[in-house]
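Engineer: Can you look at this prediction? I've put the sequence above it.
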Amino acid sequence: MGADNSSTTYSGVIASTGDFVKQGSGTLTLLGHNSLTGTVTIDEGQVTVDGSLAAFVVVNAGGTLGGTGRIGNSLLVNLDGVVAPGQSIGTLTIDSTGQQTEFNGTLEIEIDGLLNDVLSVEGPNGLRFGDSALIRFVLGDAPTLNVDYGFLNSDLLVGFDGDVDFDFLGLGAGMRYTVFERDADLFVRFEAFGGVPLPGTVLLAALGLAALGVQRRRCTAQRVLQLVA
């Protein structure tokens, strides 16, 4: 569907046991509660789920999954595939009761003032980050300092103690960030440079460079990186 690059909003119900492939650069927005039980593969463009989708979802390079709805049968994100919760700010929910959510692509989180996107992974199998996983933060209005922004909720989190990549788009000068795990949930905190780093399992701290606007660093658990211009 979507090979002509058009965008479509569908408020009905997709009910079948077959597979579905999203092609083309357009966006398919699903508003209804879809009982499709096959596999939905996003090869190109975006699928925005604002209702629910019972299928197993695969996001490949060039594809994006977004929305504020619910995926009912877990998720596989391959290299360079993107999951961007919400439409602007919002929460996307993944049910991992049947199998573990596998994340080898990009999780894109928008932060705007006191608000932020959330990926909520429900169920005992939780989420596993692969070696190629990237978490990208997109900053709108300046984040509030010394606030813990929870952006990923999970009952089980695997792989975050290995190598993880981060992007920060719009990080201001004189601002340091800390990304950390607490009880299988992930948080990011912003501080003015020169403050005291957050105690606990600190994964990354860095000074933002306004001239660059984008910061990308690789980190390992239990290690703190201080980067000063």
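Structural biologist: On my side now, so go ahead.
Engineer: I'd like to know how many residues surround Ala173.
Structural biologist: As a burial measure, Ala173 scores 12 neighbours (other C-beta atoms under 10 Å). For the C-beta atoms, the positions are set from N, CA and C on the backbone; glycine is no exception.
Engineer: With Ala133 as the reference, measure out to it.
Structural biologist: 28 Å (C-beta to C-beta, to the nearest Å).
Engineer: Kindly report the same for Ile42.
Structural biologist: Ile42 is 17 Å from Ala133, by C-beta to C-beta.
Engineer: next one: Ser7
Structural biologist: The value you get for Ser7 to Ala133, if C-beta to C-beta is used, is 28 Å.
Engineer: Tell me where this structure has helices.
Structural biologist: Assigned helices in the chain: none (criterion: DSSP state H).
Engineer: Return, as residue ranges, the portions of the chain with sub-threshold pLDDT.
Structural biologist: 1-3, 162-163, 194-229 (pLDDT under 70).
Engineer: Enumerate every residue touching the residue nearest the centre of it.
Structural biologist: With distances taken as C-alpha atoms, centre = their mean, the residue of the chain nearest its centroid is Leu107 (2.7 Å). Taking C-beta atoms under 8 Å, 6 or more residues apart in numbering as the contact definition, Leu107 lies against 77, 82-83, 119, 133-136, 152.
Engineer: tell me the two of these that are most distant?
Structural biologist: Val82 and Leu152 (15.0 Å; C-beta to C-beta).
Engineer: Show me which of the two is the more surrounded one.
Structural biologist: Leu152 (24 against 20).
Engineer: Around the nearest residue to the more buried one once chain neighbours are set aside, how many other residues sit close by?
Structural biologist: If the residues on either side of it in the chain are set aside, Leu152 comes closest to Leu186, at 4.0 Å by C-beta to C-beta, 6 or more residues apart in numbering. By the criterion of other C-beta under 10 Å, Leu186 has 25 neighbours.
Engineer: do the same with Ser25
Structural biologist: There are 14 residues near Ser25, going by other C-beta under 10 Å.
Engineer: likewise the one 4 residues further on?
Structural biologist: Thr29 sits with 20 neighbouring residues when counted by other C-beta under 10 Å.
Engineer: hang on, isn't it packed against Gly45?
Structural biologist: No - counting by C-beta atoms under 8 Å, Thr29 does not reach Gly45; the two are 11.1 Å apart.
Engineer: And the nearest residue to Asp4 once chain neighbours are set aside, how far from Val121?
Structural biologist: Excluding its sequence neighbours, the residue lying closest to Asp4 (C-beta to C-beta, 6+ apart) is Gly24, at 6.1 Å. Gly24 sits 28 Å away from Val121, taking C-beta to C-beta as the criterion.
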